[in-house]
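Participant: Model the structure of this input:
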Amino acid sequence: MLPAYPANYLGNNGNVPPAFGGAIAELHAAFAFDYVDGDVAISLPAGAQIVGFDVIVNTTFDGSATLSVGHTGSAAYYLSAASILGTAGPTYSTAWLTSGKWFTVLPSPEDITITVGGSPTQGEAILVVKYVMRSN
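Facilitator: You can find the predicted model right below:
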């Protein structure tokens, strides 16, 4: 049985998600030091299953910046105040692994939010959310 997925769903970047199976999709969201209020960065469709996150820092953040990644209702659902914004280039935090929230099929569309903590006055990065489509 083929999974039901919203074929006409367009994410906030205008892309249609992969139909099903092993195809991994990525959505990218640029953000800056002034994302302090849990700003919506990416919208995932119902049936999406998150399989990974990456952060690529273009301009280093100052002011002891931290990054929280969540969803509407919990600003730190996926990552809570991780100090991964201090160097340029791809960054990784073991805090992603402790969230325990990956690989769950989203029952409804979900907005992924970004909150930059600390007191930065500079910094720009890209959040990459990797997901596949599942039916349940």
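Participant: ok, and for the helix-or-strand element of the chain with minimal mean pLDDT, which residues are buried?
Facilitator: Among the secondary structure pieces of the chain, namely its helices and strands, strand 89-91 has the lowest mean (mean pLDDT, DSSP states H and E), a mean of 81. Buried residues in strand 89-91, defined by neighbour count with 16 or more other CB atoms under 10 Å: Thr91. Where you see a C-beta, it was placed from the backbone N, CA and C, and this is true even at glycine.
Participant: Past that strand, which element shows up next along the chain?
Facilitator: Scanning the chain past strand 89-91 towards its C-terminal end, the next helix or strand to appear is strand 110-117 (assignment: DSSP states H and E).
Participant: okay but Thr113 is in contact with Gly73, surely?
Facilitator: No - taking CB atoms under 8 Å as the definition, Thr113 is not a contact partner of Gly73, at 9.3 Å.
Participant: higher neighbour count, these two?
Facilitator: Thr113 (25 against 10; other CB atoms under 10 Å).
Participant: Surely Gly86 is in a helix?
Facilitator: No - assignment of Gly86 by DSSP: H, G, I helix; E, B strand; the rest coil gives coil, placing it outside any helix.
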